[in-house]
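*Asks:* Sequence first, predicted model second:
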Amino acid sequence: MLAVIGGTGFGHWPGLEVLKRGGQETPLGAASCGVVQGRLGGRSILFLARHGQPHKMPPHRINYRANLWALKQAGATHVVGVNCVSGIDPTLAPGTLVVPDQLIDYTTGREGSFFDGRFKPFQHVAFAWPYHRVWREELHSAASDAGLVIQAGGVLGVVQGPRLETAAEIRLMARDGNTLVGMTGMPEAVLARELEMEYASLCLVISHAAGVGEEEPTRAGTESVIEAGMPQVQRLLAALLARHA
């Protein structure tokens, strides 16, 4: 079953028929909220608001392990994580939709594995290609079905937050090869891999990264991009679901 993890600006899904809402408690603590089991266009889907309902959980305090565990227990086999990001590549204008194919993790102190020797026995997990190739391609096909333009590929640099980055940090990240920067892509992606769920990220660029654009992003500006962009994200995801009814 397809599960969607909604990020900033995507705490609820207009048109989603809620059939059941699970509890927040898991063996790993509380998830951000209960997993919604619902229907969209007559098709079954799972939904979880990453930051909780209402939006209150900062990126560095999200219990990513509990969130992914709750989705797995609800029957998720495929996961799309929706992320609001900034564009390090200056060609990625606000409002652009991107499906990244790589990431670099700059976060610290987050519980990043089920295989920690306590919850599950220690083991390594292969992660050379963090996003599932087939599901990345399916997102591109769904975008075409929905009449949307989407950017193929990119490197998402995941930072700790909740503060935004300095211009010097963005220059460093650009030299590292990042084209996008966000705060919630890890450890979500690797936890999905450990639970053998096929995971892809769908990113909405809401601003240029620090020092990239001519002006500093404003809250009003990013909120207007989110307001315009999230209906497109939801339309794309509905098209994705229709492809796998």
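*Replies:* The structure has been received and is ready for your questions.

*Asks:* which one is Leu92 nearest to, not counting chain neighbours?
*Replies:* Among residues not flanking Leu92 along the chain, Val205 sits closest, at 5.0 Å (C-beta to C-beta, 6 or more residues apart in numbering). Bear in mind the C-beta positions are built from the backbone N, C-alpha and C, glycine included.

*Asks:* My guess is the one you found contacts Pro100. True?
*Replies:* No. Under the criterion of C-beta atoms under 8 Å, Val205 is not in contact with Pro100, lying 11.1 Å apart.

*Asks:* which neighbours do those two share?
*Replies:* Common neighbours of Val205 and Pro100 are listed as Leu180 (criterion: C-beta atoms under 8 Å, 6 or more residues apart in numbering).

*Asks:* do you know how far the residue nearest to Leu92 is from Ala242?
*Replies:* Here the criterion is C-beta to C-beta, to the nearest Å. By it, Val205 lies 25 Å from Ala242.

*Asks:* more crowded one of the two?
*Replies:* A side-by-side neighbour count of Val205 and Ala242, using other C-beta atoms under 10 Å, places Val205 first with 27 against 15.

*Asks:* so which strand or helix has Ile5?
*Replies:* With the criterion set as DSSP states H and E, the secondary-structure element containing Ile5 is strand 2-6.

*Asks:* other SSEs contacting that strand?
*Replies:* The contact analysis (3 or more C-beta pairs under 8 Å, 6 or more residues apart in numbering; DSSP states H and E) places strand 2-6 against strand 43-49, helix 64-73, strand 78-87, helix 219-243.

*Asks:* Do a quick rundown of the strands in this protein.
*Replies:* 2-6, 17-21, 25-26, 29-30, 36-40, 43-49, 78-87, 97-99, 102-105, 151-152, 155-158, 180-182, 198-208 (DSSP state E).

*Asks:* would you turn those into JSON lines with mean pLDDT and distance to His60?
*Replies:* JSON lines is the format used below for the strands of the chain (pLDDT from 0 to 100; distance: least, C-beta to C-beta, whole Å):
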{"stretch": "strand 2-6", "mean pLDDT": "96", "distance to His60": "17"}
{"stretch": "strand 17-21", "mean pLDDT": "94", "distance to His60": "26"}
{"stretch": "strand 25-26", "mean pLDDT": "96", "distance to His60": "19"}
{"stretch": "strand 29-30", "mean pLDDT": "96", "distance to His60": "15"}
{"stretch": "strand 36-40", "mean pLDDT": "95", "distance to His60": "24"}
{"stretch": "strand 43-49", "mean pLDDT": "96", "distance to His60": "17"}
{"stretch": "strand 78-87", "mean pLDDT": "97", "distance to His60": "15"}
{"stretch": "strand 97-99", "mean pLDDT": "98", "distance to His60": "23"}
{"stretch": "strand 102-105", "mean pLDDT": "98", "distance to His60": "13"}
{"stretch": "strand 151-152", "mean pLDDT": "93", "distance to His60": "27"}
{"stretch": "strand 155-158", "mean pLDDT": "98", "distance to His60": "11"}
{"stretch": "strand 180-182", "mean pLDDT": "98", "distance to His60": "13"}
{"stretch": "strand 198-208", "mean pLDDT": "97", "distance to His60": "18"}
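
*Asks:* All set now, cheers.
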